[in-house]
Every structure is written in structure tokens, then in C-alpha cells.
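*Asks:* I would like the atomic coordinates for the input below:
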Amino acid sequence: MSSFDRRAAVLMLAAFVAGCGFQPVYGPGGSAEGLRGTIGFDAPSDLEGFALVRQLENRLGLADAPAYRLSARIFTDQQELGVTPDQVITRYNLRGRVEFSLIDETTGRIATSGQVASFTSYSATGTPFATQTAREDATDRLMTILADQIVSRLLVTAGEWRQ
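*Replies:* Numbering: from 1, shown residues only. So this is what the prediction gives:
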């Protein structure tokens, strides 16, 4: 592809994006402008909760005086995925779902709510210690995925629930 064709493609894409009303969520006038640091989180009670809140705080910032509070319920289960002919499990799927509610701290009403779900896998081969470490790593990865999905949902819908 020549450089002229590339420039034409980029210009056409830019014209399309401008024409469809695309606006960055964090940009001036964007639906999530000023959202960072306005959401507090319920205190986690287990390792899954700590991993979820850690990622949410990384993405949404820490709030000194939150206008909203995010409450989340985490559900996980694991499924045997790889089994050898000797009936030894070699791989697991770790599935997770989070039901969340964003509560307006001023009114106490639910501003928005929803649920997200995903999965990840880990290997069970090696020592019991290696398997446990792999499970903990998979749990951390799963909570990161779920937190990122929650943040994406909040950013996309911020114009609907923010005053």
C-alpha cells in the first residue's frame, strides 16, 4: 500500500469518526470528564475482593470525598478442563461474575447497576504449591478483567447516571 493510500485511509477514518459524533469520554465535555476520584468502594472481605478493588482504584482513582459508592458481589467457580487418560486434572477454567451497584452518596439511590462475567484458566501440573500459585494468579487476572469491564461500563454509561 503506498503512503498516499494510507493517508487517504486515515483521513477517511478521521472524517467518519468526526461525523458519527465520537467524543472521548475523558475529554472536554465528555460523559466521564471529572469522574476520576469520585467513586468509593465497599471494603473488600476476601482476596478476590481485594484484587477487584485494587484494579478499580487503579482505573478510577482514590476518592477523598466520594460522590458515589460502588458495591460489588463476586461469584466464582472452577471447572475441570484438562484430564489425562489416568483421570488426573491438568487444567482448570476459573469463571467469575460480578454484580455491581453504583450508589449516589447524596441520595442513597442506585445510580446504575449491572453485572459482568468472564473466565481465565490455569495449569494444575507440577507441585501442589505451583498449582496453588497458578490459581491465585488466575484469580488476580480474572478480577482485573472483571474490574476493567465494570470501568468500561461505567465510562460508557456515565452520561446517563451522572448529574
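
*Asks:* Buried residues in stretch 121-134, which are they?
*Replies:* Across stretch 121-134, burial judged by 16 or more other C-beta atoms under 10 Å covers 121-122, 124, 131, 134. For the C-beta atoms, the positions are set from N, CA and C on the backbone; glycine is no exception.

*Asks:* Which residues in the helix or strand Glu160 falls within does the neighbour count mark as buried?
*Replies:* Assessed by DSSP states H and E, Glu160 sits inside helix 128-161. For helix 128-161, burial by neighbour count (16+ other C-beta under 10 Å) applies to 131, 134-135, 138-151, 153-155, 157-158, 161.

*Asks:* next one: stretch 92-101
*Replies:* 92, 94-96, 98, 100-101.

*Asks:* contacts for that stretch?
*Replies:* Contacts with stretch 92-101, where a contact means C-beta atoms under 8 Å, 6 or more residues apart in numbering, come from 48, 52, 70-81, 110, 112-122, 124, 135, 138-139, 142-143, 145-146, 150.

*Asks:* Which ones among those residues map onto strands?
*Replies:* 70-81, 110, 112-122 (DSSP state E).

*Asks:* Only whichever of these are buried, select them in ChimeraX.
*Replies:* Per 16+ other C-beta under 10 Å, the buried members of the ones in strands among the contacts of stretch 92-101 correspond to this ChimeraX selection:
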select :70,72,74,76,78,112,116,118,119,120,121,122
